[in-house]
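> Quick one: sequence plus predicted model below, questions after.
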Amino acid sequence: MSLISAQDLTKVYTVGELRVHAIKSVSFVVERSSFVSFVGPSGSGKTTLLNLIGCLDRPTSGSLTVAGADTSVLSRTEAADFRGKNLGFIFQDFNLMPILTVYENVEYPLLVIQNVSNEERKKRILSLLDTVGVLDQKDKYPDQISGGQKQRVAIARALVTNPRLVLADEPTANLDSKTAFRIIDTMHQMRDELGVTFVFSTHDRKIVSEVEHIYTLTDGKITEKAEGQGGGDV
């Protein structure tokens, strides 16, 4: 059974009298426990598509099912609850809270969206920080660690709620090649060990070379689907 299914998905933004067709009747399927990337130039619709999948925005028309739910009909409250239970997000600029330590940044989603005991919370956080290689940085603040370490913290934060799906918008854009490949390896480990599905919005060839399925977006349309080198179908 697929994790994401879109059919004739369309998103139109209205700015004054101008109508901008950001996504134009796209259809695609993402299988569970897979690595998928949407690629294309700036303005092609990649980020808009991730926002739709992530319930941060609603489609103008078409259908979109994520983890068995028709997300196009969710209210704001329902969408927030759905995100908390099913989704993790990794952003290009990390989005870490500067006044919180590394540990507290990873802990935050559990405090906000889930009723998790103190013991379980601590266990999850320390385990993930160890997995992504920043356990020794847990008491530092974001401005005291490197860009690569910040991205690792962001990955731990995205995974701490045990999401079914992680959406990553240009997650390696600010990283050097060596760090980027370590991050990608960590994501592979999470997919293999926890069954997490990763969907990327990127033009970074380092990621594209590792995914299994590649959708090319041009002016809001999917113009090509290709198989990547990341291991084929799962």
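Received, thanks.

> where do the strands sit along this structure?
For the chain, the strands defined by DSSP state E occupy 2-15, 18-31, 35-39, 61-66, 69-70, 87-90, 165-169, 197-201, 213-218, 221-227.

> Let me have the ones you listed in a markdown table, adding distance to residue 144, mean pLDDT and mean neighbour count as columns.
Every C-beta, even on glycine, is put in place using the N, C-alpha and C of the backbone. Listed next are these as a markdown table, based on distance: least, Cβ to Cβ, whole Å; pLDDT from 0 to 100; neighbours: other Cβ atoms under 10 Å:
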| stretch | distance to residue 144 | mean pLDDT | mean neighbour count |
| --- | --- | --- | --- |
| strand 2-15 | 37 | 94 | 16 |
| strand 18-31 | 37 | 94 | 16 |
| strand 35-39 | 32 | 93 | 24 |
| strand 61-66 | 36 | 95 | 18 |
| strand 69-70 | 39 | 94 | 14 |
| strand 87-90 | 21 | 92 | 22 |
| strand 165-169 | 24 | 93 | 23 |
| strand 197-201 | 28 | 94 | 25 |
| strand 213-218 | 37 | 93 | 20 |
| strand 221-227 | 41 | 91 | 13 |
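
> between these, which gets nearest to residue 155?
strand 87-90 (6.0 Å; Cβ to Cβ).

> Please identify the buried residues of stretch 80-96?
Neighbour counts using 16 or more other Cβ atoms under 10 Å place 82, 83, 84, 86, 87, 88, 89, 90, 92, 94, 96 of stretch 80-96 among the buried residues.

> tell me the contacts of residue 181?
residue 206 (Cβ atoms under 8 Å, 6 or more residues apart in numbering).

> how about the strands of the chain in JSON lines, adding distance to residue 180?
Output for these, formatted as JSON lines (distance: least, Cβ to Cβ, whole Å):
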{"stretch": "strand 2-15", "distance to residue 180": "25"}
{"stretch": "strand 18-31", "distance to residue 180": "22"}
{"stretch": "strand 35-39", "distance to residue 180": "14"}
{"stretch": "strand 61-66", "distance to residue 180": "27"}
{"stretch": "strand 69-70", "distance to residue 180": "32"}
{"stretch": "strand 87-90", "distance to residue 180": "13"}
{"stretch": "strand 165-169", "distance to residue 180": "12"}
{"stretch": "strand 197-201", "distance to residue 180": "12"}
{"stretch": "strand 213-218", "distance to residue 180": "17"}
{"stretch": "strand 221-227", "distance to residue 180": "21"}
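
> Quick check: longest helix in the chain by residues?
Identified as the longest helix of the chain according to DSSP state H is helix 177-194.

> Just give me how far it sits from the chain centre.
Its chain's C-alpha centre and that of helix 177-194 lie 13 Å apart, by Cα atoms, centre = their mean, to the nearest Å.

> And for the residue nearest to residue 99 when sequence neighbours are not counted, the neighbour number?
Leaving aside its chain neighbours, residue 99 sits nearest to residue 141 (7.7 Å; criterion: Cβ to Cβ, 6 or more residues apart in numbering). Per other Cβ atoms under 10 Å, the neighbour tally for residue 141 reads 16.

> was I right about residue 141 contacting residue 98?
Yes - Residue 141 lies in contact with residue 98 (Cβ atoms under 8 Å); the separation is 6.6 Å.

> Show me the shaky parts of the protein.
Flagging of the chain using pLDDT under 70 yields the residue ranges 1, 114, 230-234.

> What's opposite the most centrally placed residue in it in the beta bridge?
Of all residues in the chain, the one closest to the mean position by Cα atoms, centre = their mean is residue 167, 1.2 Å from it. Residue 167 has these beta-bridge partners by DSSP bridges: residue 89, residue 199.

> That one and residue 103, how far apart?
24 Å (Cβ to Cβ, to the nearest Å).
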